Each structure stands twice: as structure tokens, then as C-alpha cells.
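> Quick one: sequence and predicted model below, then my questions.
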Amino acid sequence: MPCFDLFSSLSHFILFPSLFIVISVVFFFFKSPPPPSSKNLPRVYPIFGSYFSFFANRKRLIDWTADLVRNSPSATYVFHRPLGHRRVFTGNPANVQHILKTHFANYEKGEVFKTTLRDVLGDGIFNSDGESWKIQRQVSSHEFNTRSLRKFIETVVDAELNERLVPLLASAAKSRSVIDMQDILQRFAFDNICKIAFGFDAKYLSPSLPQPRAKFAEAFEDAVRISSERFQKFSSATWRIKRFFNVGSEKHLRVAISEVREFAKKIVREKKRELSEKASPESAADDLLSRFLSSGHSDEDFVIDIVISFILAGRDTTSAALTWYFWLLHKNPEVEAKVRGEIMEKSDTHAAGYDDVKEMVYTHASLCESMRFYPPVPADTKEAVSDDVLEDGTVVKKGMRVTYHPYAMGRLEQLWGKDWPEFRPERWLRAAGGRR
């Protein structure tokens, strides 16, 4: 069985059904130019490599590295890092399959990635390799089978929609209030992942304005942002020294992480208390956290790491996909009209059910097209365990970091044709009808 990062699993099992449901609700209330591209590849200097180009583009790294991939004949670019190090960026489908499937065992997160993010992610599934990753993935997979998914949609999502999101949108529409949809959708996704994964209602989304301020959510945002910025430093020594002396951004990070872990600890301890009161804890294991605790994972720090990882995955993937989707529909009213028409035709109420969304072929295609442009995970990096050669002949040395780039892949002319800059859901449909 192919092994893929859990982000991909979440996108398949949680993301699509959730997006369908939310989109059907929003419609009851409420040609982008290609990104700049330069054929001039970065200059390489002794010792510094192409760091100066990297630094100059630090505010648009995703677009810049996508340009590098697009301008390379094989859709693979070897970036020269300082001190003679190399890093591979690829959007070549054969290379991506090589990394994520046929040679999956040779590409791990690696020590650079894990060390950089350990303060915030600990040893959770997104920051682990080997046996620890396998165990977490195996337990997690039980939550995303068809039965669990249907229950998730018919209970958790339905309640969050009818009790919070719908009243909020109805109120905003009636009063013609301006709302921050990205913030609203992050709150919606956060509540959903807390319910399905931990059986915990965070009540982050309010059915009325103004939305409540959440100290944890702000701390979580800061922790993820500052930890991610560590990767942009010229050397890891920069953030390590700041952390040692507890100054600057690292001091801010320490405070944010403390707040995040206290929140996660509250969830874990409450679940432990709940399970201890059950006659048979195994029979009560209806959510992800209960499954982990009932399967013998009693190390509190480890379980807290799991909680934080799933909050990160469930909150950011869904909200990012929805935010970009509604923005693209706003920019393409002809597609919006088709999606709205299909939703109205296929569903009897303002909120489509589990069975309804399976019939929404065009809406599904429009979601695929949206995530072609703006994938929730635009790029992901692995580290080679041993020397290897990718399918296009790119040589990968042991310890080299390799980034596969879905954002760049969605912009490759050789994959999508000359009309790749157009938002056109029809490209995902067969001529005779149905999805590709």
C-alpha cells in the first residue's frame, strides 16, 4: 500500500466532504494573470551559493521556488545553499511518485526538519519518522474510514453549520456586515477537528459577531509562524543562539508554545478523566484521542504532541482550501453560477447531506481546480536516507533535502496546457460526463 503523508490523507477523507457541505451553505447567503516569472536562474557564489537570491525573495518563497521549477526543463531545480550544500525542488510527477511511493522509505522528514519544529510539534505524526510515524498513522487511519467519515459529516459538521456558521452568515448578510472569511473558516475548521479528533468542543466559532478572542489560537498561530521562519535563517545557529539566551522571536516562541501545550494538556487530561469513568474505555473510543489513550499510549507529552499535530492539520488544510476557493469563485462568476446551480439542483435544503455531495460533479471539479492553483500544502520537504537518483536523472546524495512542490505542479504548462492560468473546472471532467 502506498504511504503518503497524513496531510494527503486528511485532504482526501476530511477535506472534500467538509468543503462540499460548507460551500452549499455559503451560496445561500453570500482570469487571474500568471505569476511573474524570470528565465534567469539564481547566480551561484562561492561559500554563499544562491543565498542572496533566496534572501531577496524571502517574502515570496513559494512563488519564487515555483518559478525555478517551472523554468527548469525537467521541472526539477537543484538549489545551491551556503557552504556547498544542495537542495532539490521538483514538480516532476515521476519524481514525486518516486519520493512518495516507490522509494518512500528513503525519504524521511530528517533531523533538520524535526529539530527545527520539535519545540512546537514535538514527536507528533508530522515530525516523526519510522516506527513512531507508522504507529500514529495506523491508529489515525481508523478515524478516516467511510463509517467514521459519514458520522463526522452527519453529526459534527452538521451541528457546527446549523448552530454556528449558518446563523453567523445569516446575521452578517442581513446586517450587510463585512466579515473576515479566512478567520471565520479557520474557526470553523478548528472546532471541527477538535470534535472529530478529540471529542472536545472548543467553541472557537461564535454564531454572532464579534467573534471571541481566543488566546490559544493566537498563540498557536505565533508558534507555527515563528517555528517556520527558522527555516529561512542563513544558519540554524541564528535561532539556536536566540533560543539559548531566550531573546527576540525565540522568547516569543517559548511563551506561545507554553500556551499551546497547556491547552493541549487540558484536552488530554479531560479525556483521560472521561475514559476513567467509563465501564469499558475501549468501547468509548469514538475519537482519535480516545483511541490513542485506550491503546496504551500513556505518555502525556507524546499524546500532547499528537493533539497539536492534528490541530495543525485539520485547521489549516480545510480553512486554506475554502478561503482560496471562495476567492477564485468571486473572480470567476461564470464558474460560481454553475456551482450554485448544481448545489440548488442536487440538494433539497440549504445544507447538503453526505449522499447529496457525491452527485455534485461540477462542484467537485471546481474544488480540484481550486486546489490545483492553491494546494493547502504548497510544498513539502523530505531528507534522503541514502544516495539515490530521481526518475529524471537528478542525483540525490545522502542527507540532501528534497522538496516536492504541488504549487509549482499546478502551474506547469507541460501538465495542464497553455491555458493553465485559467480557472477552468471543465479540465477535470470527462467529455461524456463524470469526474476524471
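Good, I have the coordinates.
> switch to C-alpha atoms for all contacts and neighbour counts from now on
Noted.
> longest helix in this protein, by residue count?
In the chain, taking DSSP state H as the definition, the longest helix is helix 300-331.
> List phi and psi for residue 81.
phi -90, psi 170 (degrees, to the nearest 10).
> Now for it: which residues touch it?
48, 49, 50, 51, 87 (Cα atoms under 8 Å, 6 or more residues apart in numbering).
> repeat that for 6 Å
With contact taken as Cα atoms under 6 Å, 6 or more residues apart in numbering, residue 81 is in contact with residue 49.
> so where do the strands sit in the stretch 251-400 of the chain?
Applying DSSP state E, counting those that start in this stretch to the stretch 251-400 of the chain gives strands spanning 380-384, 388-389, 395-396.
> can you redo these as a markdown table with mean pLDDT?
Below are the strands of the stretch 251-400 of the chain laid out as a markdown table (pLDDT from 0 to 100):
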| stretch | mean pLDDT |
| --- | --- |
| strand 380-384 | 96 |
| strand 388-389 | 98 |
| strand 395-396 | 98 |
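> The nearest residue to residue 367 once chain neighbours are set aside and residue 199: what is the separation?
Counting by Cα to Cα, 6 or more residues apart in numbering, residue 367 lies nearest to residue 325, which is 6.9 Å off, once chain neighbours are set aside. Using Cα to Cα, to the nearest Å, we find residue 325 at a distance of 28 Å from residue 199.
> repeat for residue 221
Look at residue 221 and residue 199: by Cα to Cα, they are 22 Å apart.
> Chain neighbours aside, what residue packs nearest to the residue nearest the centre of the chain?
Nearest to the geometric centre of the chain sits residue 317, at 3.4 Å (Cα atoms, centre = their mean). Excluding its sequence neighbours, the residue lying closest to residue 317 (Cα to Cα, 6+ apart) is residue 376, at 5.0 Å.
> Let me know the secondary structure of residue 77.
Put simply, residue 77 is strand when judged by DSSP: H, G, I helix; E, B strand; the rest coil.
> Regarding the closest residue to it other than its chain neighbours, what are the backbone dihedral angles?
For residue 77, ignoring the flanking residues on the chain, the nearest one in space by Cα to Cα, 6+ apart is residue 89 at 5.2 Å. The phi/psi pair for residue 89 (degrees, to the nearest 10) reads phi -120, psi 130.
> What's the separation between residue 89 and residue 408?
With distances taken as Cα to Cα, residue 89 is found 10 Å from residue 408.
> Between those two, which is the more surrounded one?
For residue 89 versus residue 408, the count of surrounding residues by other Cα atoms under 10 Å is larger for residue 408: 28 against 23.
> any idea how far the more buried one lies from residue 326?
Look at residue 408 and residue 326: by Cα to Cα, they are 21 Å apart.
> same deal with residue 293?
For residue 293 relative to residue 326 (Cα to Cα), the value is 38 Å.
> ditto for residue 161
17 Å.
> How about residue 204?
For residue 204, the distance to residue 326 equals 21 Å [Cα to Cα].
> which residue ranges form the helices in the stretch 251-400 of the chain?
Along the stretch 251-400 of the chain, counting by DSSP state H, counting those that start in this stretch, helices occupy 288-294, 300-331, 333-346, 354-357, 361-373.
> repeat for the stretch 101-250 of the chain
Under the criterion DSSP H, counting those that start in this stretch, the stretch 101-250 of the chain carries helices at the ranges 110-121, 130-141, 146-151, 158-160, 166-175, 181-198, 215-229, 236-245, 248-276.
> Of those helices, which shows the lowest average pLDDT?
Ranked on mean pLDDT, the bottom entry among the helices of the stretch 101-250 of the chain is helix 146-151, at a mean of 69.
> Kindly compare burial across the helices of the stretch 101-250 of the chain and name the winner.
helix 181-198 (a mean of 22; mean count of other Cα atoms under 10 Å).
> now it and helix 300-331, what's the angle there?
Using axes from the mean of the first three to the mean of the last three Cα atoms, to 10 degrees, the inter-axis angle of helix 181-198 relative to helix 300-331 is 140 degrees.
> which helices and strands does helix 181-198 pack with?
With contacts defined as 3 or more Cα pairs under 6 Å, 6 or more residues apart in numbering; DSSP states H and E, the packing partners of helix 181-198 are helix 288-294, helix 300-331.
> What is the distance between the last one and the centre of its chain?
Its chain's average C-alpha position is 5 Å from that of helix 300-331, according to Cα atoms, centre = their mean, to the nearest Å.
> what comes up buried for it?
301, 303-326, 328-329 (16 or more other Cα atoms under 10 Å).
> avg pLDDT for it?
pLDDT averaged over helix 300-331 gives 90.
> Check the shortest one too.
Averaging pLDDT along helix 288-294 gives 82.
> CA atoms only: put that helix into CSV for me.
What follows is helix 288-294, C-alpha atoms only, in CSV (Å, rounded to 0.1, in the frame of the first residue of the first chain):
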residue,chain,number,x,y,z
LEU,A,288,-8.8,9.8,17.7
LEU,A,289,-7.6,10.8,21.2
SER,A,290,-9.6,8.1,22.9
ARG,A,291,-8.1,5.5,20.5
PHE,A,292,-4.6,6.6,21.4
LEU,A,293,-5.2,6.6,25.1
SER,A,294,-7.1,3.3,25.1
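> and that helix, what other elements does it pack with?
Applying 3+ Cα pairs under 6 Å, 6+ apart, one finds that helix 288-294 contacts helix 181-198.
> Now do the helix it packs on against helix 130-141, angle only.
In terms of direction (the same axes, to 10 degrees), helix 181-198 departs from helix 130-141 by 100 degrees.
> quick one: contacts for residue 87?
With contacts defined as Cα under 6 Å, 6+ apart, the neighbours of residue 87 are 78, 79, 401, 402.
> Selection in ChimeraX covering whichever of those are buried, please.
Buried residues among those (16+ other Cα under 10 Å), as a ChimeraX selection:
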select :78,79,401,402
